[in-house]
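1. okay, predicted coordinates and the sequence, questions at the end:
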Amino acid sequence: MRQPVPLLARGTGLLIAAAVLLLLVLTSLALGNRNIAPPVVLDALTHYDPTNFDHSVVITQRVPRTLLALGVGAALGLGGTLMQALTRNPLADPGLLGVNAGAALAIVLTIAAFGWTSPASYAGVGIAGAAVAAFVVYRVSGSVSGQSDPVQLALAGTAVTALVEGGLIRAVLVLDYAAFDSFRSWDVGSLSGRTLESVAQVAPFVGAGLVMALALAGTLNVLSLGDQTATALGARVGTVRLVAFVAVTMLSGSATAAAGPVGFVGLVVPFAVRAFTGPDYRWILPYSALLAPILLLGADVAARIMLGDETELPVGLVTALVGAPVFIALARRRKLATL
């Protein structure tokens, strides 16, 4: 059996992750189609001059994009961790269980019905759609009673995702070309063109979800022992599941609404973190909250500079290109089992 990483090493790792994230934030503010020197970036943050073009680029374009990457990344990382804890399945992910599909359906219906095209207006409907889809998956799988079966949840999520993405969304888009034109720019998963308004729209939902997730850390450790043992130890299993369910919905729904469906972040990060920290959610959750933004922000910076011209790749494509090989490598090295 692999020995757990010492406490000091885990604490040091958190500090290193925080330092790397800070470095990536500064890099995100400096790099893009127009590279800006770090002293100019710092000057824009501390002494903003609206008549200075470089200052304007930093404050109006890159600061909102960077803040959104931090929030969306943390939301995806914690949402994936909570979903894996709820289902006791290391392969669980909000995207695989229908939550992201529900958010996407709500957004495409809103575009078709009301003509909304601004990502800042998608937050509320995205979260509502995610909540409905998550409830349907739990209802179909028979897990509303609290008896989580990873296989049933995965099958129900696959079925709901196939119905929503393969049927309902396509039907709307085929019948409404204008909705298709607006939806496709969101569906690729991107942080480009987001404003401070977009950040403000999703910040309350992401913030509330983060607090709820981190507050559940100790209780999730008890829950991982099994429902009967957790109840015997005084845990209110039904309440814990409900709070975690609400947190997952808020986190994944707001992240999907803000940036579109960004894959692999919520799956790969908790999976990789668990290999280092062990099964203790008091460490898994903080690590996921730091490493997921590192992955997303790093992918966003790479998306801006990979092509070397005015064109940039969608960040969702970059996370898939990075996340899929990493996940395959981790899966080959570790024996997959229920948590």
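-> All right, it came through fine.
2. packing partners of the one helix or strand Leu67 maps to?
-> Using DSSP states H and E, Leu67 sits in helix 63-87. The contact analysis (3 or more Cβ pairs under 8 Å, 6 or more residues apart in numbering; DSSP states H and E) places helix 63-87 against helix 7-30, helix 150-163, helix 196-215, helix 217-223, helix 237-259, helix 265-277, helix 281-305. In this view, the C-beta of every residue, glycine as well, is placed from N, C-alpha and C.
3. list the buried ones in the last one?
-> Spelled out, that is helix 281-305. By 16 or more other Cβ atoms under 10 Å, the buried positions in helix 281-305 come out as 281, 283-304.
4. re earlier: can I get the helices and strands packed on helix 63-87 in a markdown table including distance to Val108 and mean pLDDT?
-> A markdown table is the format used below for the helices and strands packed on helix 63-87 (distance: least, Cβ to Cβ, whole Å; pLDDT from 0 to 100):
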| stretch | distance to Val108 | mean pLDDT |
| --- | --- | --- |
| helix 7-30 | 29 | 92 |
| helix 150-163 | 14 | 78 |
| helix 196-215 | 18 | 88 |
| helix 217-223 | 34 | 86 |
| helix 237-259 | 12 | 84 |
| helix 265-277 | 21 | 87 |
| helix 281-305 | 23 | 93 |
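5. of all these, which lies closest to Asp187?
-> With respect to Asp187, and counting by Cβ to Cβ, the nearest of the helices and strands packed on helix 63-87 is helix 237-259 at 10.3 Å.
6. would you confirm that Pro64 contacts Ser192?
-> No: judged on Cβ atoms under 8 Å, Pro64 makes no contact with Ser192 at a distance of 10.6 Å.
7. returning to that earlier point: could you tell me the angle between the helix holding Leu67 and helix 150-163?
-> Taking axes from the mean of the first three to the mean of the last three Cα atoms, to 10 degrees, one finds that helix 63-87 is oriented at 140 degrees with respect to helix 150-163.
8. how distant is helix 63-87 from the center of its chain?
-> From the chain centre to the centre of helix 63-87 is a distance of 3 Å (Cα atoms, centre = their mean, to the nearest Å).
9. and for stretch 286-294?
-> On the basis of Cα atoms, centre = their mean, stretch 286-294 sits 10 Å off its chain's mean C-alpha point.
10. who touches it?
-> With contact meaning Cβ atoms under 8 Å, 6 or more residues apart in numbering, stretch 286-294 is reached by 13-14, 17-18, 20-21, 24, 69-70, 72-74, 76-78, 80-81, 210, 214, 265-266, 269-270, 272-273, 276-277.
11. restricted to buried residues, select those residues in ChimeraX.
-> Buried residues among these (16+ other Cβ under 10 Å), as a ChimeraX selection:
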select :13,14,17,21,24,69,70,72,73,74,76,77,78,80,81,210,265,266,269,270,272,273,277
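12. one step back: average pLDDT for the helix holding Leu67?
-> Helix 63-87 shows a mean pLDDT of 91.
13. can you report how many residues neighbour Thr12?
-> 12 (other Cβ atoms under 10 Å).
14. swap that for Pro90, sorry
-> 21.
15. contacting residues for the residue nearest to the spatial centre of the chain?
-> Central residue of the chain (Cα atoms, centre = their mean): Leu76, 1.7 Å from the mean position. Under the criterion of Cβ under 8 Å, 6+ apart, the neighbours of Leu76 are 94, 251-252, 255, 262, 265-266, 269, 292, 296.
16. for those, which one is nearest Val164?
-> Closest to Val164 out of the contacts of Leu76 is Pro94 (13.4 Å), distances taken as Cβ to Cβ.
17. any idea whether the closest one is helix, strand or coil?
-> With DSSP: H, G, I helix; E, B strand; the rest coil as the basis, the three-state label of Pro94 is coil.
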